[in-house]
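S.K.: Give the three-dimensional model of this entry:
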Amino acid sequence: MWGSEMGRKKKSADDGLLTPLELEVMTLLWRLGEGSVHDVMELFPKDKEYAYNTVSTVLRILQTKGVVEARKDGRTHTYVPLLAKDEFEEKTVHHVVERVFEGEPKSLVRCLVDSGSLSKDDLDELRALLARGGRK
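M.R.: Numbering: from 1, shown residues only. Okay, here's the model as predicted:
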């Protein structure tokens, strides 16, 4: 099932998912609020520098997906996120719950708790969140 059948399925632009590089670029753009290709490039760590054309292409793809909009500023474009980071996080978690955990959010939480990757503070925060009904 993981072989040819799963490998050929293409992601649609509206499934809400981003490729790893798209997510890297979006994370930097969320941090900036808005920015040009050069602005985004400046935030990449030194061990992950990409060519101008690569970052520019990713931003145009994100524009095509409706995740960012571009505003012409002289000779450059300024890219502005249309998708808020928290909205993306929510869509992604929903996708993971549906696809990986068969629609069972408690299975995701159980996996996180059982993995040992949560600190005592994380667990205390989760308990407090659950005690108040999960509302912010």
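S.K.: quick one, domains of the protein?
M.R.: As assigned by automatic domain parsing, the chain contains the domains 20-81, 85-131.
S.K.: tell me which residues in stretch 42-53 are buried?
M.R.: When neighbours are counted by 16 or more other Cβ atoms under 10 Å, the buried residues of stretch 42-53 are found to be Tyr50. Glycine gets a C-beta too; all of them are placed from N, C-alpha and C.
S.K.: Now do it, average pLDDT.
M.R.: Mean pLDDT, computed over stretch 42-53, is 92.
S.K.: after the one helix or strand Cys111 maps to, next one along is what?
M.R.: Using DSSP states H and E, Cys111 falls within helix 105-115. Where DSSP H and E defines the elements, the next helix or strand beyond helix 105-115 is helix 120-131.
S.K.: CA atoms only: put that next one into CSV for me.
M.R.: Output of helix 120-131 as CSV, limited to C-alpha atoms (Å, rounded to 0.1, in the frame of the first residue of the first chain):
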residue,chain,number,x,y,z
LYS,A,120,6.2,17.6,33.3
ASP,A,121,5.3,21.3,32.5
ASP,A,122,3.8,20.2,29.2
LEU,A,123,1.7,17.6,31.0
ASP,A,124,0.6,20.1,33.7
GLU,A,125,-0.4,22.5,30.9
LEU,A,126,-2.4,19.8,29.2
ARG,A,127,-4.2,18.9,32.4
ALA,A,128,-5.1,22.6,33.0
LEU,A,129,-6.3,22.9,29.5
LEU,A,130,-8.5,19.8,29.8
ALA,A,131,-9.8,21.0,33.2
